[in-house]
Each structure stands twice: as C-alpha cells, then as structure tokens.
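**Student:** build me a model:
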Amino acid sequence: MKVLVTGGTGLIGVHAVNALHTAGIDVVTCGRNPTGIIGLSGISHRSGDLLDAAFRKDVLDTEKPDGLLHLAWQTKHGHFWNAPDNHDWHDASRDLIDRFLQSGGKRVVIAGSCAEYDWQNIPANTKLAEDAACHPATLYGQQKLRLFNHCHDLIKAGASIAWGRLFLLLGPHENPARFIPAITTKLLAGETADMSSGQQIRDFMHVKDAGRAFAALMQSDATDAINIASGDGHSLLEIANRLQHKIGRGTINPGGFPDRPDDPPYLVANTERLSQTVGFTANYDLDAALDDCIDWWATQ
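**Tutor:** Predicted structure coming up:
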C-alpha cells in the first residue's frame, strides 16, 4: 500500500508518517516543507504548492497512491480562524479528494476539526459525539464542515472516507504563543504566567497520539466523522497548576487576561468511536504529555 500524506511535516503529520512507516506502509509526503522536521529514511517528499491544481494533478498521476491522508490546511496561529484562504483550502482539498478517487484511489482520511461543532450551544458537561450539532462560528470551521458534507455525500455513494475531527493538541514544536507553551516557558524562566480565569474545560491530546490515531484510521475501514481526542476534560487552571507544580518555579496569574465572551465553557470529545470502532488507545495521559512538553521547552 502506498499512502500520499499532505501536511506530513507538520505538528501531527510527522507522527502520522512515522506510524504509517513503522507499519510497513510506503509513504510519500507532498506540499511545502518549511520546517524539515521529518527525517525518516525511506520517506520521499514532493515539494510544491497544494493550492496549485497542476501540482496536485502531477503528484497523483506520478505517485498513483492507494491511500490519501490529507492533513494540510491553513494553520497559522491566531490567523487561521478567519483567514480568507480557508476558501482556497476547501476548493483545493475537494479537488484533491475527487481526483484521487477518480484515479482509482481506495482510502481517504482527512483532518477535520472540533471547530465544526456548535460551540455556543453545548449542553452543560456534555461530551461532543460525532452526531452533535454542527454550526461553526469561524470561517475555518465553516469551510471544514463544507468539505465534510461533500465527503459525506461521497461516502453515501460508496467511497471509503474517514473524517478525523481533531480537538486540542499539546506537545513539542507547538507555536510558543499557544496556551501550554506560553505557560510553560514563563514558568521555566521563573516569571509570572498570565492567563484567563482558567475555568474553561478542555480536551488535550498529545501530538504523537494524534498522529498515531490518523495512521490507525488509515489502516481501518471506519468511515464518516470520528473524533480525534483524549476524551478527558481538564480546566485550563488545573493544567496551569500542574505545570507550576512540576516546574517548581514561577507563578501563574489566573484572570490576568479576560475570558473571551465567545469561548465555550466545556469542549470535550466523546471518543467511543475512536476507541471501539478504530480500536485506538492513547499512549500519553495528561501528566506524561505535560512532562514531555516541559522537557522539550526546557531545551529551546
């Protein structure tokens, strides 16, 4: 089996590629390679712009993959939520998937997002299952959902497509402005880490587990939406306190930043489909994941 992976050098892509490669699958990555963090022997990379239709056609015609793992999208921190090119990524992704299936491709796995769900109307302390209402508030979520609806139609027509709805991540190589790196680096420096009230409950998954989950999806026959998450909820304040306890210096300042009015109080996944249908089990619990983050940021 040969799998074409877009976004294979990204935060979770490198771990998905590693898991597929370890399983004996022939992997080809494609797209831009700005970080170069992928370094596995035997992995080939096709450099080019996935928003370019000619490049997409050339890669599919040349590589003739059996599987497509599509992780690439606009992901610039603080920008991607309402970036205009979310429209371009929808159009390019739809074209890539359609071309792949028309050329005889057999299995598609795509990274969706918890941003597709209706964050403003989540019943109190209710984990989001895949059939929960979707009403995205951001352009990013809207275009992801638009692509999912197209894939859902393809599934009904007989295509083998799984849509991994990714929740929150933590781990090495995160943008330093994200919540856990921002708290961790301040504490490591012995400084005060400002944050919101921290009452928000969130579901974090280690990037290695997320990559492994997408690789497991590729090797399964599960279709339609499947949440990619830990299934465990923790308040941001609890996470900050755990970091401070582990690091042993610095302080946290809950309420140093105001809470955003549109921030959902509870955002946690129901992961029954991932565990029962796909058979996936995470390697990292929250403590192990935080330890890995601290160790990595301490070297930066």
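**Student:** low-scoring stretches of the chain, by residue?
**Tutor:** 33-41 (pLDDT under 70).
**Student:** try it again at 50.
**Tutor:** Counting by pLDDT under 50, the chain shows low-confidence ranges at 34-37.
**Student:** mind listing the strands in it by residue range?
**Tutor:** 2-6, 26-31, 44-47, 67-70, 107-113, 160-166, 168-170, 192-195, 201-202, 204-206, 224-228, 234-235, 251-254, 266-267 (DSSP state E).
**Student:** of all the ones you listed, which one is nearest W297?
**Tutor:** strand 168-170 (11.0 Å; CB to CB). From N, CA and C alone the C-beta is placed, and that goes for glycine too.
**Student:** list the helices and strands the closest one packs on?
**Tutor:** With contacts defined as 3 or more CB pairs under 8 Å, 6 or more residues apart in numbering; DSSP states H and E, strand 168-170 has these neighbours: strand 204-206, helix 207-218, helix 286-298.
**Student:** residues in contact with the last one?
**Tutor:** Read that as helix 286-298. Outside helix 286-298, the residues within contact range by CB atoms under 8 Å, 6 or more residues apart in numbering are 170-174, 180-181, 184-185, 188, 204-206, 230, 232, 234, 239, 242-243, 246-247, 284.
**Student:** if we use 10 Å, what do you get?
**Tutor:** With CB atoms under 10 Å, 6 or more residues apart in numbering as the contact definition, helix 286-298 has outside contacts at 169-174, 176, 180-181, 183-185, 187-188, 204-209, 230, 232, 234, 238-239, 242-243, 245-247, 282-284.
**Student:** if we can go back for a sec, out of the strands of the chain, nearest to Q142?
**Tutor:** Between Q142 and the strands of the chain, the shortest gap by CB to CB is with strand 107-113, which sits at 10.5 Å.
**Student:** direction included, what does that closest one pair up with?
**Tutor:** Strand 107-113 has its sheet partners listed here by DSSP bridges as strand 67-70 (parallel), strand 160-166 (parallel).
**Student:** could you dump these to CSV with distance to G198 and mean neighbour count?
**Tutor:** What follows is these, written out as CSV (distance: least, CB to CB, whole Å; neighbours: other CB atoms under 10 Å):
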stretch, distance to G198, mean neighbour count
strand 67-70, 34, 24
strand 160-166, 23, 23
